[in-house]
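*Asks:* here is a sequence with its predicted model. Questions after.
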Amino acid sequence: MHIAIAGNIGAGKTTLTKMLAKRYGWKAHFEPVDNNPYLEDYYADMNRWSFNLQIYFLNKRFRDVVEIARSSDTIIQDRTIFEDARIFAPNLYDMGLMTERDFKNYTDLFDLMLSLVELPDLLIYIRCSIPRLIDHIQQRGRDYEQTIRIDYLRGLNDRYEEWIKSYTGKLLVIDGDTTDFQDNPQDFGRVTDKIDRELFGLF
């Protein structure tokens with residue numbers, strides 16, 4: 001079984017992935033951030049490094065999808081391959097931070113990969129407002145994230161909402177502004193109750 005966590009930068013995907021992996025005994029796949037050779041350069045010069053970063057993520061994410069499909073384990077994934085292609089790359093292109101040539105090349109590659117990819121058994125989307133995202137980003141204190149532009153985050157949020165509206169798989173939406181799953185056990189319990197209903201039909 002494949003469960004995936006989606007959401008903007010700072011929404012709490014990694015935190016929720018860790019908590020659910022521990023709660024259910026699932027195997028976790030995390031977004032490659034700390035060892036990413038492009039991320040710091042990207043935030044310093046998005047025009048120069050946007051294509052390189054997106055190709056790096058696409059490569060890693062496709063490898064994850066292939067591994068998940070071959071695995072007999074239940075796997076929970078921090079961010080999906082769909083977010084890279086439907087949200088991050090188009091947002092960069094619309095902002096003029098990725099050239100048309102690079103965007104077309106990227107999209108052609110993704111479309112080929114997509115023909116080999118199935119939707120997760122459950123997608124959990126953490127919806128957060130911009131102030132909440134900024135608060136989380138500041139709290140975790142990654143130096144390279146402190147220069148993220150608000151219009152960049154806003155563009156991503158808008159694209160997430162468009163994508164979720166058209167998503168055809170099994171979906172659970174969590175309000176990240178009002179649900180403190182990290183520090184409030186009751187909130188986390190409500191999240192797991194919803195997951196149980198979606199996956200196992202439990203009430």
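*Replies:* Sure thing, it's come through. All figures in this text were calculated on a predicted structure; none of them were measured in a lab. Numbering: from 1, shown residues only.
*Asks:* tell me how far the lengthiest helix in the chain is from the chain's mean position?
*Replies:* Secondary structure of the chain read by DSSP state H shows that its longest helix is helix 46-70. Relative to the chain's own centre, helix 46-70 is displaced by 12 Å; criterion: C-alpha atoms, centre = their mean, to the nearest Å.
*Asks:* same question, stretch 18-25
*Replies:* For stretch 18-25, the distance to the chain centre is 17 Å (C-alpha atoms, centre = their mean).
*Asks:* give me the mean pLDDT for it.
*Replies:* Averaging pLDDT along stretch 18-25 yields 96.
*Asks:* count of neighbours near the residue nearest to Asn52 when sequence neighbours are not counted?
*Replies:* Closest residue to Asn52 apart from its sequence neighbours, by C-beta to C-beta, 6 or more residues apart in numbering: Tyr38 at 5.2 Å. In short, each C-beta sits where N, CA and C put it, glycine included. Using other C-beta atoms under 10 Å, the number of residues around Tyr38 comes to 16.
*Asks:* sorry, back to before: what residues does the longest helix of the chain touch?
*Replies:* 2, 29, 32, 36-39, 41-42, 75, 77, 79-81, 84-85, 88-89, 92, 96-99, 102, 105-106, 109-110, 113, 117-118, 152 (C-beta atoms under 8 Å, 6 or more residues apart in numbering).
*Asks:* buried subset of those as a PyMOL selection?
*Replies:* Of those, the buried ones can be selected in PyMOL as follows, counting by 16 or more other C-beta atoms under 10 Å:
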select buried, resi 2+29+32+36+38+39+42+75+77+79+80+81+84+85+88+89+92+97+98+102+106+109+110+113+117+152
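*Asks:* tell me the SS of the closest residue to Lys18 other than its chain neighbours?
*Replies:* Nearest residue to Lys18 in three dimensions, chain neighbours excluded: Ala28, at 6.5 Å (C-beta to C-beta, 6+ apart). At Ala28 the chain is in strand, as set by DSSP: H, G, I helix; E, B strand; the rest coil.
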